[in-house]
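Undergrad: requesting a structural model of the entry that follows:
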Amino acid sequence: MRTYEPDAKTLELPWPFTGRADELELVRGALTAGRPGIVVTGPAGHGKTRLITEAVRGTDHVRVTGTPEARNLPLAAFAHLLPDTASLHQAVRMLSGVRLLVVDDAQWLDETSAALVHQLAVHGRTRLVVAAADGATAPGAVSRLWTGELLPRLALDPLSREDTAQLLAGAGLEPLTVRRLHDACRGDLRLLRDLVTALAGSGRLTPVPGTGERAWRGPLPLTPAVRERLAPALERPGPGERDTLERLAFAEPLPLPIDDLALDVLERLEADGLIHVDDQGAVTLAHPLHGAALRATTGRLRARRLARPADAHGPALAAEQRALVRRMEQLDVRPVPTPVGEWLVAEGAPLPAGYAEVRARFARLRGELREAAAWAREGLRETPSDPGCRTELGLAEGTLGEAAEPDGVHALYGAVRLGEPERAVGRLPAGSVFARHADALARGDGAALDGAAEDLAERGFVLYAAEAHAQAVRAHRDPRAARLSRTRAVALARRCQGARTPALTGLVLGELTARQRQIVALAAAGLSNREIAEKLTLSVRTVGNHLYSAYTRLGTGDRGELPWLVDGPERETA
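TA: This next block holds a predicted model:
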């Protein structure tokens, strides 16, 4: 694992290992004495190889890899370990002395190699870590590793948006670009790497004034690697298929009615996973990149004929705005589908300031502060003097106090977040989660504060939930209950894009070891890794590794974030 360098301003390759903490522990646990190993499955590009590489780092292991080109060559994957004349029986005997065998891309193993892996699992003397990608038919001997319960199976989910943002932290991308990349790649980290590299190399990342960040607006870069991944949509051979896909692409972000399209063509496209048809008969493209690619490869005259009028999105955008406002009035900020607003931003089209203000407020209430600021800036780009967007930008960036909160209920609730519940008790909506939070804090009831935090998180108020759990830490008399509340608070705070609030200040230091707290405190004071090493009589590498572990636990990748993390009631523990 590389030493973490938080001052990096460009995206370095290979990317740092991000997220997957639970999965990493699961794989490592499967490699302990008495365990047979594990199979890791998931779509191509989701990080199976990187996860396994991190899990076996520092161990004595042997690695083999399947390839489609060698799928018909017996024992091809094991050619570097076995003599040319080895039989299956001899191969099993020769490899039974290997303590840990890593098998990557097992779906491409030839039948003999697959049988060898299966026999090693049956004999049980070799621990196996096997990676197999979904979507390709694996040899029966491979699939029976988990269906026959010889090895436990870990199905790898895509990285969350928060983890994707952390992965891209060194690239200096603004939040709406990170969201667009995450949604477009759907967990395919190789595609993510291709897109980020292509965007940086093509000059399509433009500076966002006053932020030091860059934004991606406009067309998709059609690099050879991107074209390869989009081939199923771009190279349709059937009659009418490309025409239908183009019509859907130029209708985006709105769907087309099923009655406007040829049913036989839709059936073929749906069978191949290229379109989605909902219960109301609305048809959309299944992959978010396909529309952008099809629009980019369509001739100019045809594009002009298929393009929707400039004002076609107005009613749908207004409907999204009303839905967001209604949710906030109901004290519920769980995600709402908003494809039109996101599409307009992605295309670089003008965004009405009123819509941008509502999007900014919705994101801010969810604890997505950097995203809230980005939405506000989108509104100010077209209407620089809009007071609503200016207020939301100030609230998101922390330059305006709670008194500037435009919503009366949320303004009153601000007193609870500041630890002054007496100003709000009896004045918040009766029976609401905000009122329960205020009452629990006023009574100093740790269990009730944890309960309010869970309700807040359920309704999408992630930052408020983190603060309620943090307040519970100080209210609990039982140290074990306090530690559990702290863990929950830290986990939620990590999702809040660097939110800095009084309730959270200093809280996360309790997640670190004594040595990590000591090193983090010195780093926060401005000392370099070398200066810390000299002061504590450690090697620079040891200091770097301690900082890397601390950054992982603190959920930050920025040395500049450290002062606020250690500045608070728990700083003396450093």
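
Undergrad: tell me where the stretch 301-450 of the chain has helices.
TA: In the stretch 301-450 of the chain, the helices defined using DSSP state H, counting those that start in this stretch lie at 314-329, 339-347, 353-365, 369-382, 387-397, 408-417, 433-443, 446-458.

Undergrad: for residue 226, which of these is the nearest?
TA: Set against residue 226 and scored by C-beta to C-beta, those come closest in helix 339-347, at 15.6 Å. For glycine as for every other residue, the C-beta is placed from the backbone atoms N, C-alpha and C.

Undergrad: chain center to the closest one: distance?
TA: Per C-alpha atoms, centre = their mean, to the nearest Å, the displacement of helix 339-347 from the mean C-alpha position of its chain is 20 Å.

Undergrad: picking that back up, okay, the helices of the stretch 301-450 of the chain in TSV with mean neighbour count and distance to residue 551 next?
TA: Formatted as TSV, these follow (neighbours: other C-beta atoms under 10 Å; distance: least, C-beta to C-beta, whole Å):
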stretch	mean neighbour count	distance to residue 551
helix 314-329	15	34
helix 339-347	20	30
helix 353-365	24	25
helix 369-382	24	18
helix 387-397	21	23
helix 408-417	19	27
helix 433-443	22	31
helix 446-458	21	24
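
Undergrad: could I get those as TSV with mean pLDDT and distance to residue 188?
TA: Compiled in TSV, those are given as follows (pLDDT from 0 to 100; distance: least, C-beta to C-beta, whole Å):
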stretch	mean pLDDT	distance to residue 188
helix 314-329	96	27
helix 339-347	94	18
helix 353-365	97	25
helix 369-382	95	22
helix 387-397	95	30
helix 408-417	92	38
helix 433-443	97	37
helix 446-458	98	29
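
Undergrad: so which of these comes closest to residue 245?
TA: Nearest to residue 245 among these is helix 339-347; the distance by C-beta to C-beta comes to 17.1 Å.

Undergrad: other residues contacting that closest one?
TA: For helix 339-347, the surrounding residues in contact (C-beta atoms under 8 Å, 6 or more residues apart in numbering) are 176, 179-180, 183, 216-218, 252-254, 313, 316-317, 320, 350-351, 355, 359, 378.

Undergrad: part of a helix, is residue 182?
TA: Yes: using DSSP: H, G, I helix; E, B strand; the rest coil, the assignment for residue 182 is a helix.

Undergrad: which ones are touching it?
TA: 159, 161, 164-165, 192 are the contacts of residue 182 under C-beta under 8 Å, 6+ apart.

Undergrad: buried ones among those?
TA: Burial of those was assessed by neighbour count (16 or more other C-beta atoms under 10 Å); the buried members are 159, 161, 164-165, 192.

Undergrad: which helix or strand contains the residue lying farthest from the centre of the chain?
TA: In the chain, residue 85 marks the outermost C-alpha relative to the chain mean, sitting 47.6 Å out by C-alpha atoms, centre = their mean. Mapping residue 85 onto the secondary structure by DSSP states H and E places it in no helix or strand at all.

Undergrad: ramachandran coordinates for it?
TA: Backbone geometry at residue 85, expressed as degrees, to the nearest 10, gives phi -90, psi 10.

Undergrad: likewise residue 216?
TA: When read as degrees, to the nearest 10, the backbone of residue 216 gives phi -110, psi 120.

Undergrad: partners of it in the sheet?
TA: Here residue 216 sits in beta bridges with residue 205, going by DSSP bridges.

Undergrad: can you tell me which residues contact it?
TA: Contacts were defined as C-beta under 8 Å, 6+ apart; by that measure residue 216 touches 173, 177, 180-181, 199, 204-205, 346.

Undergrad: so it versus residue 449, what's the distance?
TA: With distances taken as C-beta to C-beta, to the nearest Å, residue 216 is found 41 Å from residue 449.

Undergrad: which parts of the host helix or strand of residue 522 are buried?
TA: In this structure, residue 522 sits in helix 514-524 according to DSSP H and E. When burial is assessed from 16+ other C-beta under 10 Å, helix 514-524 yields the following buried residues: 516-524.

Undergrad: now those as CSV including distance to residue 463 and pLDDT?
TA: Written out in CSV, the entries for the buried residues of helix 514-524 read as follows (distance: C-beta to C-beta, whole Å; pLDDT from 0 to 100):
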residue, distance to residue 463, pLDDT
516, 25, 83
517, 24, 79
518, 29, 85
519, 28, 87
520, 23, 82
521, 25, 82
522, 29, 87
523, 25, 84
524, 22, 78
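
Undergrad: a markdown table for those, including distance to residue 93?
TA: Below are the buried residues of helix 514-524 laid out as a markdown table (distance: C-beta to C-beta, whole Å):
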| residue | distance to residue 93 |
| --- | --- |
| 516 | 47 |
| 517 | 52 |
| 518 | 52 |
| 519 | 49 |
| 520 | 52 |
| 521 | 56 |
| 522 | 55 |
| 523 | 53 |
| 524 | 57 |
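
Undergrad: for the residues you listed, which one is nearest residue 130?
TA: Using C-beta to C-beta, the shortest approach to residue 130 within the buried residues of helix 514-524 belongs to residue 516, at 34.1 Å.

Undergrad: give me the distance between that closest one and residue 535.
TA: 15 Å.

Undergrad: how about residue 502, nearest residue that isn't a chain neighbour?
TA: Nearest residue to residue 502, sequence neighbours excluded (C-beta to C-beta, 6 or more residues apart in numbering): residue 418, at 6.0 Å.

Undergrad: in stretch 520-537, which residues are buried?
TA: Residues 520-524, 527, 529, 532-533, 536 are the ones in stretch 520-537 that count as buried (16+ other C-beta under 10 Å).

Undergrad: then stretch 107-116?
TA: Along stretch 107-116, the positions that meet the burial threshold by neighbour count (16+ other C-beta under 10 Å) are 107-110, 112-116.

Undergrad: just the closest of the buried ones among the contacts of residue 182 to residue 550, please.
TA: Comparing the buried ones among the contacts of residue 182 against residue 550 with C-beta to C-beta picks out residue 165 as the nearest, at 18.9 Å.

Undergrad: which non-adjacent residue is nearest the closest one?
TA: Using C-beta to C-beta, 6+ apart and skipping residues adjacent in sequence, the residue nearest residue 165 is residue 178, 5.0 Å away.

Undergrad: residue 493 now?
TA: Using C-beta to C-beta, 6+ apart and skipping residues adjacent in sequence, the residue nearest residue 493 is residue 466, 4.3 Å away.

Undergrad: give me the contacts around the host helix or strand of the one you found.
TA: Remark: residue 466 resides in helix 462-475, with elements defined by DSSP H and E. Residues from elsewhere that reach helix 462-475, judged by C-beta under 8 Å, 6+ apart: 366-367, 369, 413, 417, 419, 437, 440-441, 444-447, 449-450, 452-454, 456-457, 481-482, 485-486, 488-490, 492-493, 495-496, 499, 501, 503-504, 507.

Undergrad: residue contacts, residue 111?
TA: Residue 111 makes contacts with 74, 139, 141, as judged by C-beta under 8 Å, 6+ apart.

Undergrad: correct me if wrong: residue 204 contacts residue 221.
TA: Yes: with contact taken as C-beta atoms under 8 Å, residue 204 and residue 221 are classed as touching, separated by 6.3 Å.

Undergrad: who has more neighbours out of those two?
TA: When residue 204 and residue 221 are compared for neighbours, residue 221 comes out ahead with 19 against 16, by other C-beta atoms under 10 Å.

Undergrad: surely that one touches residue 202?
TA: Yes: the pair residue 221 and residue 202 passes the contact test of C-beta under 8 Å, sitting 5.3 Å apart.

Undergrad: cheers, nothing more for now.
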